[in-house]
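**Student:** Would you be able to build a 3D model of this:
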Amino acid sequence: MNERFNENTNDTSTLPILYSLRNCPYAMRARLAIFKAKQTVLLRDLVLSNKPVEMMAVSPKGTVPVVVLKNGIVIEESLEVMLWALHETDPADLLHRQQDGALSAMLLLITEFDNDFKRCLEAYKCAKRYQEDNVAQCRDACELYIKKLEQALTKHSYLISDKESLADIALIPFIRQFARIERQWYLQSPYPKVRQWLNSYLQSSVFTKVMAKHPLWVDHQQDVLFGDN
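**Tutor:** Residues are numbered from 1 along each chain as shown. Here you go, the predicted model:
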């Protein structure tokens, strides 16, 4: 289900609220996890230049995603939102609960990419945007991490095993950014497994639903039911 709330919809007073920004990679992966977990939330889309006062009141840091639970708990980090959703329900077993050490391996990989790869990615984006002379060097720094994914995907269908995991949906938005910086170079790069893996997400109906555009909440004060139920 992914539809506009109206007066005929069932009562939504107990649903969590998700403040989100459509193209933010952190908000994107939070929405992916919520969708994969078959949770339903009240989605409030925003732009950073006009943040809802309701969000700032509960999360003064002013970044997305933010989930507000009906018991008053506020979840402010994307990975924490993902873990919350999947601990609630995990129909596809993205946490690999029966595999010893699997979650630890996922979290280690996610942390490496959230910290080290993300710094390299930002430098690469800036170098390309401002036509600096170190674009190739910045790309090379990113490639150290892309090679690691290529090697993993040569061994199995997804990053951790032959089954989709938390790590896959956590990294997808950032690899998507990497692929768009120098599109022609990327399409000819020696990473066919990464391209196949990324395309399988970008071309999926799930990604289309997760990336659907909605009216800004501050303009209409109208929540959107978001989730796969």
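**Student:** Which residues does the longest helix anywhere in the chain contact?
**Tutor:** Ordering each helix of the chain by length in residues (DSSP state H) puts helix 135-155 first. Residues outside helix 135-155 that contact it (C-beta atoms under 8 Å, 6 or more residues apart in numbering): 112-113, 116-117, 120-121, 123-124, 127-128, 159-160, 171, 175, 178, 181-182, 185, 189-194, 196-197. To be clear about C-beta, it is placed using only N, CA and C from the backbone, and glycine gets the same treatment.
**Student:** how close does residue 188 sit to residue 182?
**Tutor:** 10 Å (C-beta to C-beta, to the nearest Å).
**Student:** Who has more neighbours out of those two?
**Tutor:** Between residue 188 and residue 182, residue 182 has the larger neighbour count (other C-beta atoms under 10 Å), namely 16 against 9.
**Student:** Secondary structure element holding the residue sitting nearest the centre point of the chain?
**Tutor:** Among the residues of the chain, residue 29 comes closest to the average C-alpha position under C-alpha atoms, centre = their mean, at 1.3 Å. Using DSSP states H and E, residue 29 falls within helix 25-36.
**Student:** so where does residue 194 fall, helix or strand?
**Tutor:** helix 192-202.
**Student:** Give the buried residues for that helix.
**Tutor:** By neighbour count, with 16 or more other C-beta atoms under 10 Å as the criterion, the buried positions of helix 192-202 are 193, 194, 195, 197, 198, 201.
**Student:** can you check stretch 72-87 too?
**Tutor:** Neighbour-count burial for stretch 72-87, with 16+ other C-beta under 10 Å as criterion, is recorded at 75, 76, 77, 78, 79, 81, 82, 83, 84, 85, 86.
**Student:** Which members of those residues are the farthest-apart pair?
**Tutor:** By the measure C-beta to C-beta, 76 and 86 form the most distant pair in the buried residues of stretch 72-87, at 17.3 Å.
**Student:** by contact count, what packs against the lengthiest strand in the chain?
**Tutor:** In terms of residue count, the longest strand belonging to the chain (DSSP state E) is strand 40-45. Using 3 or more C-beta pairs under 8 Å, 6 or more residues apart in numbering; DSSP states H and E, the elements in contact with strand 40-45 are strand 17-20, strand 224-227.
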